[in-house]
Structure formats: structure tokens, C-alpha cells
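Q: sequence below, structure please.
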Amino acid sequence: MNKDDESGEHTRPRSGTGKAGETGGAGRADGAVPTGNGQRRSEEPGGGILMGRPFGVPVYVAPSWFLVAALITWVFGGQLERVLPELGNARYLVSLFFAVAFYASVLVHELAHTIVALRYKLPVRRIQLQFFGGVSEIEKESETPGREFVLAFVGPLLSLVLAGIFYAAVRAVEPGTVPGVLLAGLMISNLIVAAFNLLPGLPLDGGRMLRAVVWKITGKPMSGTIAAAWVGRALAIAVLVGLPLLTHTGALGNPTEDIGGMETVTDALLAAILAAIIWTGAGNSLRMARLREHLPELSARTLTRRAVPVESATPLSEALRRANEAGARALVVVDGHGNPTALVRETAIVGVPQHRRPWVAVSGLAQELTDGMRVPAELAGEALLDRLRAAPATEYLVVEESGEIYGVLSTADVERAFVKAMARPSG
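A: Take a look at the predicted model:
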């Protein structure tokens, strides 16, 4: 299926019988900006067991997968008891094999997204198999609506191809046998995955395809996101109301006399979970698209604080006096030749009591400059966030192309601008 990341990260929402919403946003333009304490928020893949790195992309199995695998084993085992009663308790081993094979199919679905993303030079952070399927966390937005459409469509396409392969295999084996039942189950499950993912609402693959079509027609990716997200919310309501209704009326092929109170409650709970996931994913898509629209406003030049140069032995009180006179809000420590060597940390200044400031040299409150802490004044948007994430710090020295000091960029200011951009309505 096809992250909007987005999300920031751009995350491919989950593929499976119930697909989840995007967890990230476009181009990793999510909350993963450097924090004010010099630490960056976690970007490392985690939350599960590393299973391998196909095409260099880590694949994780989340703890929630074991819960759904147990559920599939139990439910499919009950089906096998009616179809192949001679299996006895061995039916649960067969059911467990089915659960693993089904998620292998989901992995193929996600790998299809991953391979196309890598072909388009879009970095993929990880693939994670979890409760309601899988998610491919793609860290950049597609550059064109055509690529967006292809990137979304390949997942359901591969699920349909797998369904066709399993159908051909069913025809080749004897009916009423373990291989026949397993292959038929995998064929049906892949058809369900493909059909569900093709529903035209975010965060499903069909929603991203709809987004691409509206984007192509209007020339505005935000218009496509808005349309597909609201269709996704309508789908969430339809699932919440329609799934229990279809089951209760026997429209899905189950005899109405076999439907008991427990089945009704289970179906209602499943519908509520799916609806919540779709609704949340659609909302995340809107938020991440809004952020991407305003991301260019995050400019190093406009967010930089004016700074005054001071030598390392300068008392803090004197340095602050000079800054106040100059209308500056930052201090840069320079050597005897005027070359910057360190930045005085704002948090360290706040921690020095007023009466001690004449006796504290700025060198004791400064952080030595590294190459990663030098930021070009022209950086903006996603390039700026990537630069800050690569070298976490509380302050950065902003320089002109000539090497001249422009000022100091505080991550606190970046975070405030980031949050403001997230809250601002789209134009």
C-alpha cells in the first residue's frame, strides 16, 4: 500500500485484511526535528525483531504481529476442523503455517512498494510487519503524480499476481487436502488484501492512487490529499457501520443461523479498530501534507538569531551587555583573529545566577564548534531539517557562502516554527 510521513515520515500504510493509516508523513517531515536538549528524537527502526535486510531495507516484525498470528491460527484452525476433521490438533500447526505464509504475502506486497521507491531514488527507512498487515516507511514524497500512482498501485498488483499464482496452484493439487485448503486460503486472502487496498481513500493504496489522479488534474498535490483523505474518512464510517451489518445479514456468505452474540461483538470490535485506523491515517495524511506545504517557510536565514562575537575570557555579564546593546540574542566565541570557535549555550546562560555572571567566563558555557554545527544561511525546508538531524545540537552557527558569520540558529526556534507550520491551515 502507499506513507504519506508523509511523514512524515512518507510512509506506506499497512497492507493486509485491515490496512492501517500512515504513521509518518511526507519526506520525514514529521516531528523528528532536533530537540532543545541536543538530542534528536528516535529515528532508528525498532519496535520489533529484525528479520533481514532485502535490498538493504531492514524488515521488522512488531510484537503485535504475534497477537494477530495467534488469532489467525485460532480462527483458521476452527475452519480446518470443519473441512479436515481428521487433522485433530495438528490443524493448529497447519493454521500457524498459513499465518506465516499470509504475512509472507504481505511482505511481498510491501517489497513491491519498496523496490519501486528505490527505483525512483526515494529512501526507504524500514518495512514493519505488525497488527493489521505491513507498512513501508518511505522518507520522501513522489515528485510527480504519475510516480505516486505507480508507487501505490504496485502493492495491490503484486497481491493480485500472488492470488493468481495460488489459484493456478489450487488447480494443480487434489481438492480437500491440506495443500489444497492452504493454497485456497492464501488465494482468497490475497484477493481480499488487493481489493481492500484498492478502496479509493487514504491511507489505503487506492487513496494514494486517487490522490495522484486529483493531483494530475488540478496540479496541486494538496488538493489530491484533501480529496483522498475525506474519502478515507467516509470509508472509515462505512467500515464501522457496514462490516457488522454485512456479517449479521449473512451477506458475506455465512448462514445467519450460525451468527451468535460473540460473533456479533467480535465483528463490531474489528470494524471499530479498522475504522479508527483508517480515520487516523486519513487525518495524518492531511496533517503531513499541510506540513509539507509550509515546509519551505522553515528557513535558516529567517529563523536565525543575531549574534555578537566575544572572546573566550569575556565575563558573561559583559557579553550579555554587548548583546543587549546590539539587539542580539546569541553569543559566538571567537579567537584572537575573529574566527568562531564555539557557541554559548542558551540553557547554560539561564543556569547562571545574576550575581555570578560577572565572574563566569563565556568559555565555560560554550560548546565547541564542529563542522556539523555550521549551517549555510540559504538552507530551508527539508534540506534544513536533514542537516539538523545529521548533527544534533542545541545551537548552530549560520554562515554566509563567504564564511562570514550570519548568526546563531536555535533548535528551540526551529521546533516552534515547525509546530506553527503544522497548525497553520493550508492556503
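Q: can you map out the helices along the chain?
A: Applying DSSP state H to the chain gives helices spanning 63-83, 91-119, 145-172, 178-197, 205-218, 221-248, 261-294, 300-303, 316-326, 346-350, 381-390, 411-423.
Q: right, so those: which one is the most enclosed?
A: helix 205-218 (a mean of 24; mean count of other C-beta atoms under 10 Å). No exception for glycine: its C-beta is placed from N, CA and C like everyone else's.
Q: for that one, the averaged confidence score.
A: Rounded to a whole number, the mean pLDDT of helix 205-218 is 96.
Q: got the angle between it and helix 178-197?
A: Using axes from the mean of the first three to the mean of the last three C-alpha atoms, to 10 degrees, the direction of helix 205-218 lies 30 degrees away from that of helix 178-197.
Q: tilt between helix 205-218 and helix 145-172?
A: With the same axes, to 10 degrees as the criterion, the two stretches helix 205-218 and helix 145-172 enclose an angle of 150 degrees.
Q: tilt between helix 205-218 and helix 91-119?
A: On the basis of the same axes, to 10 degrees, helix 205-218 is oriented at 20 degrees to helix 91-119.
Q: thinking again about what came up before, how about the helices of the chain, which one is nearest Gln367?
A: Across the helices of the chain, the minimum distance to Gln367, taken as C-beta to C-beta, is reached by helix 346-350, at 8.5 Å.
Q: please save the CA atoms from the closest one in PDB.
A: Listed next in PDB are the C-alpha coordinates belonging to helix 346-350 (Å, rounded to 0.1, in the frame of the first residue of the first chain):
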ATOM      1  CA  GLU A 346      21.400  29.500  25.900                       C
ATOM      2  CA  THR A 347      20.400  26.900  28.500                       C
ATOM      3  CA  ALA A 348      23.800  27.300  30.200                       C
ATOM      4  CA  ILE A 349      23.300  31.100  30.400                       C
ATOM      5  CA  VAL A 350      19.900  30.700  32.100                       C
END
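Q: return the distance of stretch 405-422 from the chain's centre.
A: Computed by C-alpha atoms, centre = their mean, to the nearest Å, the separation of stretch 405-422 from the middle of its chain amounts to 22 Å.
Q: hang on, I meant stretch 59-67
A: In this view, stretch 59-67 has its centroid 17 Å away from the chain centroid, taken as C-alpha atoms, centre = their mean.
Q: quick check: end-to-end length of it?
A: Stretch 59-67 has an end-to-end distance of 18 Å (C-alpha to C-alpha, to the nearest Å).
Q: stretch 371-386 now?
A: For stretch 371-386, the first-to-last residue distance is 15 Å (C-alpha to C-alpha).
Q: surely Val193 meets His109?
A: Yes. Here Val193 lies in contact with His109, judged by C-beta atoms under 8 Å, at a distance of 6.5 Å.
Q: with distance to Trp359 added, can I get the helices of the chain in TSV?
A: What follows is the helices of the chain, written out as TSV (distance: least, C-beta to C-beta, whole Å):
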stretch	distance to Trp359
helix 63-83	54
helix 91-119	57
helix 145-172	61
helix 178-197	67
helix 205-218	61
helix 221-248	55
helix 261-294	45
helix 300-303	33
helix 316-326	8
helix 346-350	14
helix 381-390	34
helix 411-423	27
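Q: figure out which of these is closest to Ala361.
A: Each of these was scored for nearness to Ala361 using C-beta to C-beta, and the closest is helix 316-326 (7.2 Å).
Q: who are the packing partners of the closest one?
A: When contacts are defined as 3 or more C-beta pairs under 8 Å, 6 or more residues apart in numbering; DSSP states H and E, helix 316-326 packs onto strand 307-311, strand 330-334.
Q: nearest to Ile127, out of the helices of the chain?
A: Using C-beta to C-beta as the measure, helix 91-119 is the one of the helices of the chain that comes nearest Ile127, at 4.9 Å.
Q: hang on, the earlier thing: so which of the helices of the chain gets nearest Ile49?
A: So among these, helix 63-83 is nearest, using C-beta to C-beta, at 8.4 Å.
Q: distance between the closest one and the chain's centre?
A: Its chain's C-alpha centre and that of helix 63-83 lie 28 Å apart, by C-alpha atoms, centre = their mean.
Q: what's next to it, contact-wise?
A: Helix 63-83 has contacts (C-beta atoms under 8 Å, 6 or more residues apart in numbering) with 47-48, 87, 91-92, 94-96, 98-100, 102-103, 129-132, 176, 181, 185.
Q: circling back to that earlier point, any chance of the helices and strands packed on helix 316-326 in CSV, plus distance to Arg389?
A: As requested, these are exported to CSV (distance: least, C-beta to C-beta, whole Å):
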stretch, distance to Arg389
strand 307-311, 23
strand 330-334, 21
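Q: out of these, flag the one nearest Ala271.
A: Nearest to Ala271 among those is strand 330-334 (54.4 Å), distances taken as C-beta to C-beta.
Q: pull the distance from the closest one to the chain's centre.
A: Taking C-alpha atoms, centre = their mean, one finds the center of strand 330-334 at 38 Å from the center of the full chain.
Q: over to stretch 125-144?
A: Its chain's C-alpha centre and that of stretch 125-144 lie 7 Å apart, by C-alpha atoms, centre = their mean.
Q: now do that stretch: distance from first to last residue.
A: 21 Å.
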